[in-house]
Every structure is written in structure tokens, then in C-alpha cells.
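> got a sequence here, can you model it:
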Amino acid sequence: MRILLLGGNGQLGVDLRRALSAHTVLATARAPGPDSGLRALDVGDKLAIAERVAEFKPELVLNTAAFHRVDDIERDAGEALRINALGAQQLALACRAADCALMHISTDYVFDGAKRAPYVETDAPNPLSAYGASKLAGELLIRAAWPKHYIVRTCGLYGRAGASGKGGNFVNTMLRLAREGKPIRVVGDQICTPTSTADLAAQLALLIETRVWGTYHATNAGACAWSDFAAEIFRLAAARGLIAAVPAVAAITSAEFGAPARRPPYSVLENRALADLDLDRMPPWQDALAGYIASF
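So this is what the prediction gives:
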């Protein structure tokens with residue numbers, strides 16, 4: 001399959017390039033390095049998107065690109081709307097013109113967390129933040145523009161490539177703080193499912209073969225608070241000698257943390273649509289984290 005991959009330098013994009021090695025993949029990034037092997041492509045550039053799709057003639061466009069600096073977006077949503085909403089629409093329109101499929105990565109932040117039980121694909125979104133609203137707008141615009149799409153919501157991503165747009169992923173940040181001997185204060189009232197990009201990439205590689213369009217949830221199994229996730233990171237890292245000792249984790253409230261953007265207090269996703277296809281291959285988050293720590 002010919003696949004145009006957007007966001008090929010992100011932590012999910014890097015793992016997708018490995019997972020899709022059996023396919024012909026043209027990977028792009030907004031600002032690729034000179035030796036990256038990636039082509040330049042801005043998701044918000046309508047003409048560039050249309051030209052790249054027409055030139056490469058993909059059977060699938062896979063969009064992992066997003067503007068996800070959640071707290072910055074709360075102060076100014078302009079770039080998020082350009083990339084996450086209007087950019088998603090332009091991708092869908094370009095795919096419609098080329099009659100190719102679109103896979104678009106979305107987020108648990110489209111939900112408000114009031115349900116307090118795992119969200120399924122048919123639950124009504126209600127974002128609490130401007131970021132979540134921009135991602136929901138992208139979903140809606142894709143659905144309106146082109147039926148041959150997979151919209152995949154996921155949660156709490158971490159991978160070996162790191163989250164370049166955020167200055168590093170959560171696991172790497174926790175390990176850095178432990179090595180620096182800094183106090184560890186992590187929110188304990190936000191429940192989610194941390195998800196390995198390696199596992200997610202492998203899952204997406206299976207999903208694209210189905211041609212069963214629609215909305216999917218894809219996260220590792222189980223749930224935890226961010227403070228519990230941090231404690232497990234430290235336990236595994238200390239056991240492998242990556243840090244000298246297990247530091248104490250102070251679980252704080254979201255109000256104490258004081259982030260500008262509101263996060264859903266509960267954003268666990270159930271992979272029901274994948275399970276209905278007998279396709280859910282996502283392991284428990286503890287196993288995924290152990291594999292990630294072991295890879296260092």
C-alpha cells in the first residue's frame with residue numbers, strides 16, 4: 001500500500017515508519033532536518049497538501065500531525081484551529097479528490113470526564129479545553145467531507161522519539177526529574193490510560209488493512225492516575241538501574257497544579273470498535289511501560 005504519513009518525525013510517526021515497513025511510505029514533517037529523509041509538508045497549507053497527494057498518489061493518508069501545546073492553545077487557539085481543524089478538513093478534501101482513505105489521530109480530550117466509566121466511540125464528546133475543541137472540530141470536518149476515513153482517538157502517548165512539540169514525553173520527564181533529585185509532584189485526580197506509541201503503531205498497521213471506516217479508540221488496556229503512572233515508572237527504572245533509587249511521588253490535585261487548560265478528570269477509552277472487529281491487540285499499560293523502560 002502507498003501511504004503518505006504526516007508527522008513522520010513525531011514519536012508516533014517514528015514508530016509508524018517501523019510498523020509500516022512492508023508498505024511504500026512517504027513520510028513528511030513540517031520542518032524536517034536535512035538528513036531526516038523526510039519531505040517538508042505543512043498540514044495547514046491547502047495547496048501543498050493537494051499537490052503532495054496528487055504527486056504521490058497514496059492509497060492512504062495517515063495524519064499524526066497536530067498542534068498539541070495544550071496550555072498555550074488555551075491562551076491563543078489560532079494555530080490549533082489552523083492545524084487540528086482546518087488542516088484536517090483540507091486533508092479530507094484532498095483524499096476525496098484523490099479517492100484515497102484518510103486515517104486521522106485524535107484525542108481523549110474530546111471528552112469531559114463526567115462519565116467516570118470508559119468512553120466508547122459512540123459517547124457524545126464535550127471538550128473542556130480549546131485543544132480538545134480544535135481536535136473535535138477536526139473530527140467533525142473530516143466526517144462531513146469524506147466517508148473513507150478512520151478517526152482514531154488515543155491517550156497519554158509516549159515513545160522513544162519523545163514528544164518534540166512538548167519538550168519530551170512524560171516518562172522521559174519523570175526520569176530526568178528523578179536523576180536531578182527534584183521534588184516529584186504529579187496530579188493524582190486525572191485518570192487515563194498511558195499508551196505506548198510502539199503498541200499504537202502496530203495496532204494502526206492492522207486497522208488500515210480492514211477498510212472498515214469509522215471512529216475507533218486505541219489505547220493500552222487498564223487505567224491509572226498520572227501519579228500512579230509516575231510511581232510505576234520509577235519502580236521499573238530503579239529495578240533496571242536507570243535511577244539510583246525510587247523517589248517519593250506527591251499526588252496533587254489539578255487545582256494545585258494550576259495548568260491554564262482544564263483536563264478531563266477521567267478520560268479512559270474503551271477499544272470497543274476494535275474489539276468488535278476482533279482486532280484489539282493493545283496490551284495492559286503496565287506491560288507496555290515495562291517494555292519501554294527495558295528498551296533504554
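
> which of the residues in stretch 42-52 are buried?
For stretch 42-52, the buried set under the neighbour-count rule, 16 or more other Cβ atoms under 10 Å, comprises 42-46, 48-50, 52. All C-beta spots, glycine's among them, are computed from the backbone N, C-alpha and C.

> please state the offset of that stretch from the chain centre?
22 Å (Cα atoms, centre = their mean, to the nearest Å).

> kindly reformat the buried residues of stretch 42-52 as TSV containing secondary structure and distance to residue 99.
Compiled in TSV, the buried residues of stretch 42-52 are given as follows (DSSP: H, G, I helix; E, B strand; the rest coil; distance: Cβ to Cβ, whole Å):
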residue	secondary structure	distance to residue 99
42	coil	24
43	coil	20
44	coil	23
45	coil	22
46	helix	19
48	helix	20
49	helix	15
50	helix	14
52	helix	16
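
> separation between the residue nearest to residue 179 when sequence neighbours are not counted and residue 224?
Counting by Cβ to Cβ, 6 or more residues apart in numbering, residue 179 lies nearest to residue 243, which is 6.0 Å off, once chain neighbours are set aside. In this structure, residue 243 lies at 20 Å from residue 224, with Cβ to Cβ, to the nearest Å as the measure.

> repeat for residue 237
Taken as Cβ to Cβ, the span from residue 237 to residue 224 is 16 Å.

> show me what contacts the residue nearest to residue 179?
Residue 243 makes contact with 175, 178-179, 234, 237 under the criterion Cβ atoms under 8 Å, 6 or more residues apart in numbering.

> contacts for the longest helix along the chain?
In the chain, with assignment by DSSP state H, the single longest helix is helix 130-145. The contact list for helix 130-145 (Cβ under 8 Å, 6+ apart) reads 66-68, 70, 73-74, 77, 80-81, 83-89, 91-93, 96, 102, 104, 106-107, 109-111, 125, 127, 149, 151, 215, 261, 264.

> just stretch 26-42 next, same as before
Counting by Cβ under 8 Å, 6+ apart, 2-10, 13, 17, 43, 48-49, 52, 56, 58, 65 sit against stretch 26-42.

> let's see it at 6 Å
Stretch 26-42 is touched from outside by 4-6, 8-9, 17, 48, 52, 56, with contacts defined as Cβ atoms under 6 Å, 6 or more residues apart in numbering.

> endpoint to endpoint, that stretch covers what distance?
End-to-end distance for stretch 26-42: 14 Å, by Cα to Cα, to the nearest Å.

> can you pull the buried residues of that stretch?
Neighbour-count burial for stretch 26-42 flags 26-30, 32, 38-39, 41-42 (criterion: 16+ other Cβ under 10 Å).

> narrow those to those in strands?
Among those, the residues falling in strands (DSSP state E) are 26-29, 39.

> tell me the one of those residues nearest residue 199?
The nearest member of these to residue 199, counting by Cβ to Cβ, is residue 27 at 19.7 Å.

> return the set of residues that bridge with the closest one.
residue 5 (DSSP bridges).

> who's in contact with residue 210?
Taking Cβ under 6 Å, 6+ apart as the contact definition, residue 210 lies against nothing.

> 10 Å instead, please
With contacts defined as Cβ atoms under 10 Å, 6 or more residues apart in numbering, the neighbours of residue 210 are 150, 216, 274, 277, 279.
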